[in-house]
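Q: Here is a sequence together with a model predicted from it:
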Amino acid sequence: FDTEEISITVVVTPHGPARNVASLPRVGLAFAATHKLSQLTWLGRGPGETYPDRKVGADWAVHCGDVDSQHVDYIVPSENGGKADVHWAALTDPKRPGHGLLMKYQCDEAAPQADRPSDSVSEKRPASTRGAQLNVSRWSLAELESATHRHELPARHAASSRPVHVHLDTAHAGIGGMGEGGAKLWATATQFLVNPKQGPWTYRVVMRPIGADVWQHCGQ
């Protein structure tokens, strides 16, 4: 890799009770970035919220928007605003055009099976996954899960001053709604689960700083 890049190889192996659950919720890494990196650009599904079992109607293209607008303001806060099939993403500072962080996802493992209307068995990654699952939020998962109503989210009216929490997952379970071919609308289809017995998962994340000399995206 170049001298300006950091290449992180991630290997995840489930142990103990984690091997016996029906599905892992996600497999990936998480970190927090400065609040100043409030503009998101990504190559993947979008521009709205997409997940492995909620993405067919979304375009796979380069999308752009501010971090705060990715939040879906559910009455009961939870995981939200995900982006499926992401190949790369950039967080930039709108007050300093061309400055930020570029993240590239790389995985050499075989692509998952194609999704089927009649459902199928679970594998390492949900069916038809073709990249990483990305999430950026002003709130951590712990903060989202501890709030019973959206008004309980901390600093709700000053969100832009909070860090940007980033999740970049190589596998992320579906959110449900079409279990058993539609027979159980509250359930997640088996083909969109993450089978813990199929591990380990190996992938790379390459990060590099963005400078005005290499980043020409208009940010709109």
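A: Alright, I've got the coordinates. The model shown is predicted, which means the values in this text are computed figures rather than measured ones.
Q: Could you count how many residues lie near Q191?
A: By other Cβ atoms under 10 Å, 23 other residues sit near Q191. For every residue, glycine as well, the C-beta is placed using N, CA and C.
Q: That one: what's it in contact with?
A: Residues counted as contacts of Q191 (Cβ atoms under 8 Å, 6 or more residues apart in numbering) are 113, 115-116, 119-123, 126-127.
Q: which stretches of this protein form helices?
A: Assigned by DSSP state H, the helices in the chain fall at 141-146.
Q: Have a look at the contacts of Q191 and tell me the least confident one.
A: Among the contacts of Q191, D119 carries the weakest pLDDT, at 88.
Q: That one contacts A189, correct?
A: Yes: between D119 and A189 there is a contact at 4.9 Å, judged by Cβ atoms under 8 Å.
Q: circling back: from the contacts of Q191, keep the buried residues only.
A: Applying a neighbour-count criterion of 16 or more other Cβ atoms under 10 Å, the buried members of the contacts of Q191 are 113, 115, 119, 122-123, 126-127.
Q: just to revisit the earlier point, could I get the contacts of Q191 as JSON lines with distance to A84?
A: JSON lines is the format used below for the contacts of Q191 (distance: Cβ to Cβ, whole Å):
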{"residue": "Q113", "distance to A84": "16"}
{"residue": "D115", "distance to A84": "12"}
{"residue": "R116", "distance to A84": "18"}
{"residue": "D119", "distance to A84": "19"}
{"residue": "S120", "distance to A84": "18"}
{"residue": "V121", "distance to A84": "20"}
{"residue": "S122", "distance to A84": "17"}
{"residue": "E123", "distance to A84": "16"}
{"residue": "P126", "distance to A84": "9"}
{"residue": "A127", "distance to A84": "12"}
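Q: What's opposite the residue positioned nearest the centre of the chain in the beta bridge?
A: Against the mean C-alpha coordinate of the chain, by Cα atoms, centre = their mean, the closest residue is L134 at 2.0 Å. L134 forms beta bridges with K83, L168, as assigned by DSSP bridges.
Q: Endpoints of stretch 153-164, how far apart?
A: This stretch, stretch 153-164, spans 15 Å end to end (Cα to Cα, to the nearest Å).
Q: Show me which residues of stretch 160-180 are buried.
A: Buried positions in stretch 160-180, judged by neighbour count with 16+ other Cβ under 10 Å: 162-179.
Q: quick one: low-confidence parts of the protein?
A: Counting by pLDDT under 70, the ranges of the chain that qualify are 1-3, 178-186, 216-220.
Q: One more pass at 50, please.
A: For the chain, residues meeting the criterion pLDDT under 50 lie at 1, 220.
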